[in-house]
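what's the 3D shape of this:
(2 chains)
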Amino acid sequence: MTNGIVVEHLSKHFKVHEREAGLRGALHSLLKRSFHTVRAVDDISFTIEPGEIVGFLGPNGAGKTTTMKMLSGLLHPSGGRVNVGGFVPFQQKEAFKKRITLVMGQKSQLIWDIPASETFLINQAIYEIPDAQFRETMGELTQLLELEPLLKKPVRNLSLGERMKCELAASLLHRPDIIFLDEPTIGLDVNMQETVRRFIKEYNERFNATILLTSHYMADVTALCKRVIIINHGHIPFDGDLNQLVNTHAPFKVAKLVFARPVDRHDLDKYGEVLQYEYPQASIQIPRAAVSEQASRMLAELPVQDFTIEDPPMEDVIGMAFAAEEGA
Amino acid sequence: MKKALRYSRLLFLMVKLAISEEMEYRSNFFANVLSTVSGLFVSLLTLQVFFNQTQAIGGWSFEQVLVLLGIFNALDGVVKMVLRPNIGRIVQHIRKGTLDLILTKPVDSQFYVSFRHILFWPITDVLMGLGLVVYGVLQMGIAITVTNLLWFALLFVAALVTLYGIWMLLMTMSFWFVKVENLTFLFTSLFETARFPVQVYRGILRALLTYVFPVAVLTTFPAAALVGKLNGTDALISVSIAVLMVVVARQFWKMALRNYTSASS
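Predicted coordinates for the structure are as follows:
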């Protein structure tokens, strides 16, 4: 029954209406409309195995959402083939819809003025979930996501993170085995991001669900995905192991320091590449292999008041991965 | 058949949840009664002003217009219960992208956007409207035959269906126009003309209000059926327009979706 996701030479081209600026342009476009074609997704292919969690990364406007929409049956492809769980998504069969779910961090299916439990009941009816299974799944989700205190409150009284938990529950009630997560942690605080992440992992393990995830948070990707697919300008410059991507393109971490008293900038050079120094703060880029050694040296030798080590922002890693691609 | 059963069950659940939900907000009930009563009071006052000058407008007596006004209020209640909180939101679904979430559900999307969130308390408008209908009929002091009642029931359903069709058509335009507030405004102002029998409007305006924006179907014909003024042609127009409206609205919605998913070109 689980067939994963197979994408072959998939394309989506949009015709965009062009208009020149000014009154002249407006009149001109009224008489003769000129169009140009945007290749939002341009001949991409990949396969995702059942039970796999894959990170789908790329800068804004790269074609992530367009691809997700084609995979979930919302957009009709301009070319190529898609097979999701044995179905052609755009045929929009009910049997297909009962096996997938689409969760978008910035879009909610919950109704503002009423408690989320109402949406759960409606979804039970829509997905034709038998009562016994509904109670069981609801129980599991309530426990995993700690929903109990949230169920009776109107959605407008919930925090962003609490709303996301309810959103996830509403989207997973029918136990889909193919899940599209578009920025599920966007805007959430660190604890809540962690909770959502743990939940996704747990769900994946319990139901062997196939998950395609987009996120701008490095932590989401590193915690959940062994494999990432990078998309840019509608192409896929990288599809493979996350570690390989990071080691190749961003083999370093960034140490952020706050000093108790000014230090000489040249004294910092020996620890790594100084990205920025403006008393009291400095950030220094350190090769991954040397992180722990350099960190203990800095703590011992410098008047450090505050100290953190961070991964380079995902955007940077992707940016570098794909700058390398274009250079090649 | 199985499908019809499934969707009526869904609709029943949505109404049930609406009721249980709004029992929690009893203050809304009083607010609604208050606004209904004051609305009715004002329109009755206006009618009084008219009928101080004349015995009949467009061939309708005061009591007959009361019946019509009752039907108008009942329909207005339905707009507030079902149409405004649902179909009025299509714009937001498109703007915020939540339509995508609806389209991935194994349910008819038009059904979902039409009935997902029903408000219950505007039922007071419906009940008071129907109360006014009964009052008008009693004041006329005529015997209502079963035939009249059945015709009324049929044409009232035709009115509901037509009203739904008009709203759905207008709101579906939001796939192309970003500012549909104007359309809502247009609808409201045209709907207001249904407070009076279509016979008070003359010439081309009456034709427009019968066929193009079928206000006559909404209130004039059902009221005529009840007070015994209905002729066969009007009944036929009513039912035909109702059927035409839902069919056109359905096709228009499907066309809009094809366009939205860019499967049309």
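
state the pLDDT value of residue 231.
Picking chain A for this. Predicted confidence (pLDDT) at A:Ile231: the value is 91.

could you do chain B instead?
Taken from the predicted model, the pLDDT recorded for B:Asn231 is 88.

tell me the spacing between it and B:Ser238.
Separation of B:Asn231 from B:Ser238 (CB to CB, to the nearest Å): 11 Å. C-beta coordinates here come from the backbone N, C-alpha and C atoms, glycine included.

between those two, who's got more neighbours?
For B:Asn231 versus B:Ser238, neighbours defined as other CB atoms under 10 Å in any protein chain shown are more numerous around B:Ser238 (30 against 10).

who's in contact with the closest residue to A:Asp177 other than its chain neighbours?
Across the structure, with CB to CB, 6 or more residues apart in numbering or on different chains as the measure, the residue nearest A:Asp177 apart from its sequence neighbours is A:Ala209 (5.0 Å). With CB atoms under 8 Å, 6 or more residues apart in numbering or on different chains as the criterion, the residues that contact A:Ala209 are A:51, A:176-179, A:203.

can you select the buried ones from those in PyMOL?
Remark: buried members of those, expressed as a PyMOL selection using 16 or more other CB atoms under 10 Å in any protein chain shown:
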select buried, chain A and resi 176+177+178+179+203
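
nearest to chain B among the contacts of A:Ala209?
Closest approach to chain B among the contacts of A:Ala209 (CB to the nearest CB): A:Pro176, at 9.9 Å.

check contacts around that closest one.
If you count contacts by CB under 8 Å, 6+ apart, A:Pro176 has them with A:98-101, A:209.

in the strand or helix carrying B:Asn259, which residues are buried?
Using DSSP states H and E, B:Asn259 sits within helix B:232-260. Counting neighbours by 16+ other CB under 10 Å, one finds that the buried residues in helix B:232-260 are B:234-235, B:237-239, B:241-242, B:245, B:249, B:252-253, B:256-257, B:260.

now, which of the contacts of A:Ala209 lie within helices?
Here DSSP state H is the test, and these give A:Tyr203 as lying in helices.

got the contacts of A:Ala209 as TSV, with pLDDT and distance to B:Ala159 columns?
Formatted as TSV, the contacts of A:Ala209 follow (pLDDT from 0 to 100; distance: CB to CB, whole Å):
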residue	pLDDT	distance to B:Ala159
A:Gly51	94	55
A:Pro176	96	42
A:Asp177	93	47
A:Ile178	96	45
A:Ile179	96	45
A:Tyr203	94	49
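
out of the contacts of A:Pro176, who's the most crowded?
The most neighbours of any of the contacts of A:Pro176, using other CB under 10 Å, belong to A:Thr101, which has 25 neighbours.

for the helix or strand where that one lies, packing partners?
The secondary structure element spanning A:Thr101 is strand A:100-104 (assigned by DSSP H and E). Using 3 or more CB pairs under 8 Å, 6 or more residues apart in numbering or on different chains; DSSP states H and E, the elements in contact with strand A:100-104 are helix A:160-172, strand A:178-182, helix B:99-103.

export the ones you listed to TSV and tack on distance to B:Leu13?
Listed next are those as TSV, based on distance: least, CB to CB, whole Å:
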stretch	distance to B:Leu13
helix A:160-172	15
strand A:178-182	26
helix B:99-103	17
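
nearest to A:Asn123, of the ones you listed?
Taking CB to CB as the criterion, A:Asn123 comes closest to helix A:160-172 out of these, the separation being 5.7 Å.

what lies in contact with the closest one?
The set of residues that contact helix A:160-172 without belonging to it, under CB under 8 Å, 6+ apart, is A:101-103, A:105, A:108-110, A:116, A:119-120, A:123, A:137-138, A:141-142, A:145-147, A:150, A:155, A:158, A:179, A:184-185, A:187-189, A:191-192, A:195-196, A:199, A:203.

of those residues, just the buried ones, PyMOL syntax please.
Of the contacts of helix A:160-172, the buried ones go into a single PyMOL selection, burial set by 16+ other CB under 10 Å:
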select buried, chain A and resi 101+102+103+105+108+109+110+116+119+120+123+137+138+141+142+145+147+150+155+158+179+184+185+188+192+195+196+199+203
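
before we move on, back to that, partner strands of the strand holding A:Thr101 and their direction?
strand A:178-182 (parallel) (DSSP bridges).

now render the contacts of A:Ala209 as CSV, adding distance to B:Met168.
CSV is the format used below for the contacts of A:Ala209 (distance: CB to CB, whole Å):
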residue, distance to B:Met168
A:Gly51, 42
A:Pro176, 30
A:Asp177, 35
A:Ile178, 32
A:Ile179, 32
A:Tyr203, 38
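
which one of the contacts of A:Ala209 sits closest to B:Ser114?
For B:Ser114, the closest of the contacts of A:Ala209 turns out to be A:Pro176, at 25.3 Å, with distances computed as CB to CB.

look up the closest residue to that closest one, ignoring the ones flanking it.
Among residues not flanking A:Pro176 along the chain, A:Thr101 sits closest, at 4.2 Å (CB to CB, 6+ apart).

show me what contacts that neighbour?
A:171-172, A:174, A:176, A:178-180, B:104.

ok, back up a step: tell me the helix or strand right after the strand holding A:Thr101.
Strand A:100-104 is succeeded, C-terminally, by helix A:116-126 (DSSP H and E).

residue numbers of chain A in contact with chain B?
If contact is defined as CB under 8 Å from any CB of the partner chain, the residues of chain A in contact with chain B are A:14-15, A:69, A:72-76, A:90, A:92, A:94, A:97-98, A:100-102, A:104, A:106-109, A:111, A:114, A:118, A:121-123, A:125-128.

buried subset of these?
The neighbour-count test (16+ other CB under 10 Å) marks A:69, A:72-76, A:90, A:92, A:97-98, A:100-102, A:104, A:107-109, A:111, A:114, A:118, A:121-123, A:125-127 as buried among these.

which residues of the stretch 1-150 of chain A score low on pLDDT?
Of all residues in the stretch 1-150 of chain A, those with pLDDT under 70 make up the ranges A:1-2, A:19-20.

and the strands in it, which stretches?
Read by DSSP state E, counting those that start in this stretch, the stretch 1-150 of chain A holds these strands, from start to end of the chain: A:5-18, A:34-48, A:53-57, A:79-84, A:100-104.

how far out from the middle of the chain is the first one?
The chain centroid and the centroid of strand A:5-18 are separated by 20 Å, computed with CA atoms, centre = their mean, to the nearest Å.

and for the second one?
On the basis of CA atoms, centre = their mean, the separation between the geometric centre of strand A:34-48 and that of its chain is 20 Å.

okay, angle between that strand and strand A:5-18 too, please.
Direction vectors for strand A:34-48 and strand A:5-18, defined by axes from the mean of the first three to the mean of the last three CA atoms, to 10 degrees, enclose an angle of 170 degrees.

close to chain A: what parts of the stretch 101-250 of chain B are there?
Checking the stretch 101-250 of chain B against chain A by CB under 8 Å from any CB, the hits are B:101-107, B:112, B:116-117.

out of these, who's nearest B:Ala74?
For those, with B:Ala74 as the reference and CB to CB as the criterion, the closest is B:His117, at 20.7 Å.

in three-state terms, label that closest one for me.
When classified by DSSP: H, G, I helix; E, B strand; the rest coil, B:His117 comes out as coil.

quick one: the helices in the stretch 1-150 of chain B?
Taking DSSP state H, counting those that start in this stretch as the test, the helices found in the stretch 1-150 of chain B are B:2-22, B:26-53, B:62-78, B:84-86, B:90-96, B:99-103, B:109-115, B:123-140, B:146-172.

so what pLDDT did A:Gln294 get?
Confidence per residue is given as pLDDT, and for A:Gln294 that number is 87.

tell me which element it is part of?
Under the criterion DSSP H and E, the helix or strand holding A:Gln294 is helix A:291-301.

what packs against that helix?
Contact analysis of helix A:291-301 by 3+ CB pairs under 8 Å, 6+ apart lists strand A:252-259, strand A:281-287, strand A:304-310 as its packing neighbours.

in it, what's buried?
By neighbour count, with 16+ other CB under 10 Å as the criterion, the buried positions of helix A:291-301 are A:291, A:294-295, A:298.
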